[in-house]
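Novice: sharing a model prediction with you, sequence too.
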Amino acid sequence: MSLVTALTYVLPHRALSSLARSLAYSRSPWVKQWLIDTVTRKFGVNLAEAAEPDPTAYPTFNAFFTRALKPGARVADADPRALLMPADGRISQCGPIQDGRIFQAKGQSFTASELLGDAEAATPFNQGTFATVYLSPKDYHRVHMPWSGTLRETVHVPGRLFSVGPAAVRNVPRLFARNERLVCHFDTDFGPMAMVMVGALLVSGVETVWSGVEIPRYGDMVTTKDYRGANITLERFAEMARFNYGSTVIVLLPPGVAELADPLGPETAVRLGQRLATLKG
């Protein structure tokens, strides 16, 4: 285990993330510009594809980090049977949910019920399919719908705020089922679909298009919001949510619905809108 990963066990996760939040929303010109310039330089952010390519035009670092893209910068796979990649980033892992377990890394796994915070909610995904996409600081940080769906409920599951970088994924047991996360359940024409927005160290919040800020101050109780009857339907490729710093989104699909695209696998670089999977039948 690396020193950095070992330190994440003892670091004050919430204090650091609260500090990061304060900096991210600071309107101090020198603070926000120093952060924007540092991240752009260190991670090679491509501002040419941003709707606002001028790095000095953003009022806060968070506005820069959650920036929109120019129209046409990402396009949806033309095959109407294609489920779409929900975000830019890299595949951490993807594959079958075997006996209710989701593979994390060599020697590491966790259960779907742990991830969703509810054994009953996990049942429809047993023997189904999952895909875990890691968003690095350079990536576009808005998450879009793989398929059209109607929002049924969200579940905010409190937890730790470990880093979700590759080293932590390899070494921290049950990482994604331990970190704070927002579980979004959708009903689709093929059945249920879950989108899990996993928080991480220095992530200062998750926002959704239907409710705004969902994890503003890192709560301590599981919070469920029922959206049945609210008629919140999001179309395939529509924006769903956004992270205020790099993190991970996990897609869960029920069994027999779709086949993952080839050659997706660990560390595969992916872009929003490309084919994640193909509907069967």
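Specialist: Thanks, I have the structure now. From a predicted model like this one, the values you see are computed outputs, not experimental measurements.
Novice: okay, which residue is most central for the chain?
Specialist: residue 249 (2.5 Å; Cα atoms, centre = their mean).
Novice: quick check: phi and psi on that residue?
Specialist: As for residue 249, its main-chain torsions (degrees, to the nearest 10) stand at phi -120, psi 140.
Novice: with residue 229 instead?
Specialist: The phi and psi values for residue 229, taken as degrees, to the nearest 10, are phi 90, psi -10.
Novice: what's the answer for residue 30, then?
Specialist: Dihedral angles (degrees, to the nearest 10) for residue 30: phi -80, psi -30.
Novice: likewise for the one 10 residues further on?
Specialist: Summarising the backbone geometry of residue 40 under the convention degrees, to the nearest 10, its torsions are phi -60, psi -40.
Novice: quick one: it and residue 48 touch, right?
Specialist: No: the pair residue 40 and residue 48 does not pass the contact test of Cβ atoms under 8 Å, sitting 11.5 Å apart. Using the backbone N, CA and C atoms, a C-beta is placed for each residue, glycine as well.
Novice: show me which of those two is the more surrounded one.
Specialist: Applying other Cβ atoms under 10 Å to residue 40 and residue 48 shows that residue 40 carries more neighbours, namely 16 against 8.
Novice: and the more buried one, how far from residue 23?
Specialist: 16 Å (Cβ to Cβ, to the nearest Å).
Novice: before we move on, what about residue 270?
Specialist: Taking Cβ to Cβ, one finds residue 270 at 29 Å from residue 23.
Novice: of the two, who's got more company?
Specialist: Each of residue 270 and residue 23 has its neighbours counted (other Cβ under 10 Å); residue 270 has more, 22 against 18.
Novice: ok, that one - contacts?
Specialist: Neighbour list for residue 270: 85, 87, 88, 89, 90, 91, 133, 264 [criterion: Cβ atoms under 8 Å, 6 or more residues apart in numbering].
Novice: any chance of the residues you listed in a markdown table, with secondary structure and pLDDT too?
Specialist: Below are these laid out as a markdown table (DSSP: H, G, I helix; E, B strand; the rest coil; pLDDT from 0 to 100):
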| residue | secondary structure | pLDDT |
| --- | --- | --- |
| 85 | coil | 98 |
| 87 | coil | 98 |
| 88 | coil | 97 |
| 89 | strand | 96 |
| 90 | strand | 96 |
| 91 | strand | 97 |
| 133 | strand | 97 |
| 264 | coil | 94 |
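Novice: coming back round to it: quick one: contacts for the residue nearest to the centre of the chain?
Specialist: 86, 87, 132, 133, 135, 143, 195, 196, 197, 198.
Novice: can you rerun that using 6 Å?
Specialist: 86, 87, 133, 143, 197 (Cβ atoms under 6 Å, 6 or more residues apart in numbering).
Novice: check residue 85 too.
Specialist: Contacts of residue 85 by Cβ under 6 Å, 6+ apart are 270, 272, 274, 276.
Novice: burial count for the second one?
Specialist: As a burial measure, residue 272 scores 23 neighbours (other Cβ under 10 Å).
Novice: then residue 121?
Specialist: That count, for residue 121 with other Cβ under 10 Å as the rule, works out to 21.
Novice: what's the pLDDT at the residue lying closest to it once chain neighbours are set aside?
Specialist: Leaving out its chain neighbours, the residue that sits closest to residue 121 by Cβ to Cβ, 6 or more residues apart in numbering is residue 185, at 6.8 Å. pLDDT recorded at residue 185 is 98.
Novice: how close does residue 135 sit to residue 87?
Specialist: For residue 135, the distance to residue 87 - Cβ to Cβ - is 6 Å.
Novice: show me which of these two is the more surrounded one.
Specialist: Under the criterion of other Cβ under 10 Å, the comparison of residue 135 against residue 87 puts residue 87 first, with 28 against 23.
Novice: hey, where'd the helices end up in this protein?
Specialist: 3-7, 13-24, 29-43, 61-65, 112-116, 119-122, 166-171, 175-178 (DSSP state H).
Novice: mind listing what residue 74 touches?
Specialist: 272, 273.
Novice: residue 248 now?
Specialist: Going by Cβ under 6 Å, 6+ apart, the list of residues near residue 248 reads 134, 164, 198.
Novice: just give the nearest non-adjacent residue to it, would you?
Specialist: Closest to residue 248 by Cβ to Cβ, 6+ apart is residue 198, at 4.4 Å.
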